[in-house]
Each structure stands twice: as C-alpha cells, then as structure tokens.
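[1] give me the fold of what follows.
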Amino acid sequence: MVINLYVNGQLGNRLLHISSFIVNSAEYDYKFYYLSFPSAYQEYFNIHDNHALKQTKARFRFSRLPVINTILIAGARALLKLRRRAQQLPYLDYITIVRPAQVNQGVYYDLNDTRYIEKARKKLLFVEGWRFTDPGNMSKHLPLIREIFAPREKYAHVIHTITQKARNFGEVLIGVHIRRGDYKHYQNGKWYYDDAIYSSFMRDMQQLLTEGYGYSSVVFIICSDEVIDVKQFYSLPVVYVRKSEIIDLYTLSNCDYILAPPSTFSGWASYYGNVPIYYIDNPSVPFNEDKLTTGLHPHFTSAATHCKNYYDVLN
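    Numbers count the residues shown, from 1 in each chain. Presented below is the predicted three-dimensional model:
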C-alpha cells in the first residue's frame, strides 16, 4: 500500500503528480491513497463516486465518514513521523525526493523501478516529493485518466459552449496559454514572455496552418492566469473571456492546437485531449513546425535528458 501526504503545486502539477501514481497502481495492482488533493480541486471532478476510479485500487480518502477519515489521516501522519525517525521497520517504509538543490535539479523517481514496486506491494509505503514519473503508463492508461478527471457537468457545459462559439470564427481553434504569475521568477523567468512574443509565435502558427496545411482560417482563444489586454493582439483573430482555471485547462484540451511556454498546465491539456502543442522554449529561436509535439514537456517528465533516477543518484 502506498500513501501520499505530500502537498505541493497548483492544479497542473497536482494532476500530473497524482495521475502518475494512479496509472502505476493500475499497472502493478497495488493500493494507493492520495490524501493531499485540495478540496477546491476535488470539487472540479466527480472523483469519489467515479466508476472508473472504483475499478482501480486508487483512492482520495480512507473513508466516506469525515470524522473517521480525519482520524485515519492523523494516524497516517503519525506513522510517517515514526518512520522518519526509525532506521528500519519491517512493514513500514518511505521514499522521499531529495530537494533539487541538495543533489541535482533534474532528479526524478521512476515509478517502474522494481525496488519501488516491491515495497508498494509488500509494505505500508509513504512517498514524499513531486517528481515521481511514469510517462509510459500515463500514455497506456490515458482512457482511465480521462474518465477519472472528466470535469463535472456544470464545467463541461461552459467549456463546450465557449469552444463552440469560438469555432464560429475560424476553421481551426488554437489555444494560447499565456502563463504569467509565478513564471516571473520560476526558472529565473526564462519562460515569462510579454505579449509581443506570444503575438509573434501566433502569427507563425497562423501562417503554418493556412499556407502550409491549407486551412481557410484560424482563431485563437487565450487562456491566462492574469487579465489580458486584447488590444495587444489587434492584428490577430482572438477570442478572450476571463475564465477560471478549470475552464481554461479543459478549454485548451478541446482545441485543435495549443501554443504555450513549458508548463504542466498546458502540458496536461495537451496530454488529456491528445492535442498537438508548440512549446515556446526560447523566444529567440525561430518557429519550427518540427517542434510540434503532444503531451508534457520533457522538463516535467523522465524523458528529460538532464534527469537522473533517484536511486542512481543515491547509490
């Protein structure tokens, strides 16, 4: 049995994090409890009565009764604290991702490692940290993830309405994720771009799809974590409505293409909707259609060339 009590990250990070464990649990048939998914995020999905989730051994709580659940989570935290202090316990163990600054900025944990699977099946295993990955099973079990994390109907209706109205303005719908907020400082701000950079790559996408692929017209729908001045995009066919994070995320997943800086938010949308995405890695590098991909950016998966397996780093 694996228990995750780790709290970190916003919606995109959380969905990537938990999905890696869900698909790994489904693949290797062990129990998994994710007890740190915020109630605000749980409200977006019908996870507790989800038919697909019930077919797996993954759960978001111990019990339906809040009091019992609170007691059991407190007990789990006490056991984790005990395991941290004890050198060895026969049926209790934990794995923690070392802080990047302590070892290597690209440290990740491969959930397919046989040492992890053995512990997950035979022990009560606590896991801490964010960079646990299983991209292979994420791809294999995508239908399962789609069922578990389908937004509630009240959100799905709004998403459908927005995207259908946007499609009235062009043959191809391109979602543009303008990520600001914490990106001003994350990775020293290297993916924090102004409107002019987004406009430039939007025009490149427009040219590729109309002149290269032969579409009659395109329309862009902008999603952002801040208010956008659409006047900065006056020369482009743009639709913009200030929306919530869940509406933005699944609006992107319903587009035909996505244009975005590297992030788990836009990457999740591409993965979930199987939507081709163009990541603006470096704005000084010209647009290149060969960089169109699908799914998460390598920076957030074990495919990143600079990453090392957690076990290999420590051993």
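[2] tell me how many other residues crowd the nearest residue to S36 once chain neighbours are set aside.
    Nearest residue to S36, sequence neighbours excluded (CB to CB, 6 or more residues apart in numbering): V7, at 4.6 Å. Every C-beta, even on glycine, is put in place using the N, C-alpha and C of the backbone. V7 is flanked by 11 other residues according to other CB atoms under 10 Å.
[3] and V7, helix, strand or coil?
    Classification of V7 using DSSP: H, G, I helix; E, B strand; the rest coil returns coil.
[4] from what I can see it touches L35, true?
    No - V7 is not in contact with L35 according to CB atoms under 8 Å; the separation is 9.6 Å.
[5] so which bits of the longest helix along the chain are buried?
    Identified as the longest helix of the chain according to DSSP state H is helix 66-85. Neighbour-count burial for helix 66-85 flags 72-73, 76, 79-80, 83 (criterion: 16 or more other CB atoms under 10 Å).
[6] so which other helices or strands are in contact with the following helix or strand past it?
    Heading C-terminal from helix 66-85, the first helix or strand you meet, by DSSP states H and E, is strand 92-96. Under the contact criterion of 3 or more CB pairs under 8 Å, 6 or more residues apart in numbering; DSSP states H and E, strand 92-96 touches helix 66-85, helix 114-122, strand 124-128.
[7] quick one: contacts of strand 92-96?
    Strand 92-96 is contacted by residues 79-80, 82-84, 86, 109, 116, 119, 123-129, 310 when judged by CB atoms under 8 Å, 6 or more residues apart in numbering.
[8] what of stretch 264-274?
    With CB under 8 Å, 6+ apart as the test, stretch 264-274 has contacts from 9-13, 15-16, 138, 142, 145-146, 149, 175, 177, 179, 249-250, 252-255, 258, 260, 275-277, 279, 293-297, 300.
[9] so which bits of it are buried?
    Neighbour-count burial for stretch 264-274, with 16+ other CB under 10 Å as criterion, is recorded at 264-273.
[10] could I get it in PDB with only the CA atoms?
    Taking Å, rounded to 0.1, in the frame of the first residue of the first chain, the C-alpha atoms of stretch 264-274 are listed here in PDB:
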ATOM      1  CA  THR A 264       2.400  21.300 -16.500                       C
ATOM      2  CA  PHE A 265      -0.900  23.200 -17.100                       C
ATOM      3  CA  SER A 266      -0.700  23.400 -20.900                       C
ATOM      4  CA  GLY A 267       1.100  20.000 -21.000                       C
ATOM      5  CA  TRP A 268      -1.800  18.400 -19.100                       C
ATOM      6  CA  ALA A 269      -4.200  19.900 -21.600                       C
ATOM      7  CA  SER A 270      -2.200  18.500 -24.500                       C
ATOM      8  CA  TYR A 271      -1.900  15.100 -22.800                       C
ATOM      9  CA  TYR A 272      -5.600  14.800 -21.800                       C
ATOM     10  CA  GLY A 273      -7.000  16.000 -25.100                       C
ATOM     11  CA  ASN A 274      -4.300  14.500 -27.300                       C
END
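[11] what segments of the stretch 101-250 of the chain are helices?
    114-122, 135-140, 142-148, 153-167, 195-207, 245-253 (DSSP state H, counting those that start in this stretch).
[12] against which helices or strands is the first one packed?
    Under the contact criterion of 3+ CB pairs under 8 Å, 6+ apart, helix 114-122 touches helix 11-28, strand 92-96.
[13] next, the angle from the last one to strand 124-128.
    Read it as strand 92-96. Relative orientation of strand 92-96 with respect to strand 124-128: 20 degrees, computed using axes from the mean of the first three to the mean of the last three CA atoms, to 10 degrees.
[14] pull the distance from strand 92-96 to the chain's centre.
    24 Å (CA atoms, centre = their mean, to the nearest Å).
[15] what of the first one?
    Relative to the centre of its chain, helix 11-28 is centred 9 Å away, using CA atoms, centre = their mean.
[16] who touches the next helix or strand after that helix?
    Using DSSP H and E, the helix or strand that directly follows helix 11-28 along the chain is strand 32-34. Residues outside strand 32-34 that contact it (CB under 8 Å, 6+ apart) are 1-4, 18, 21-22, 24-25, 57-62, 76, 120.
[17] buried sites along the next helix or strand after strand 32-34?
    Reading on from strand 32-34 to the C-terminus, the next helix or strand found by DSSP H and E is helix 39-42. Going by neighbour count (16+ other CB under 10 Å), the buried part of helix 39-42 is Y41.
[18] mind checking which helix or strand of this protein has the lowest mean pLDDT?
    helix 310-314 (a mean of 50; mean pLDDT, DSSP states H and E).
[19] now the buried members of the contacts of stretch 264-274.
    10-13, 15-16, 138, 142, 145, 149, 175, 177, 179, 249-250, 252-255, 258, 260, 275, 277, 279, 295-297, 300.
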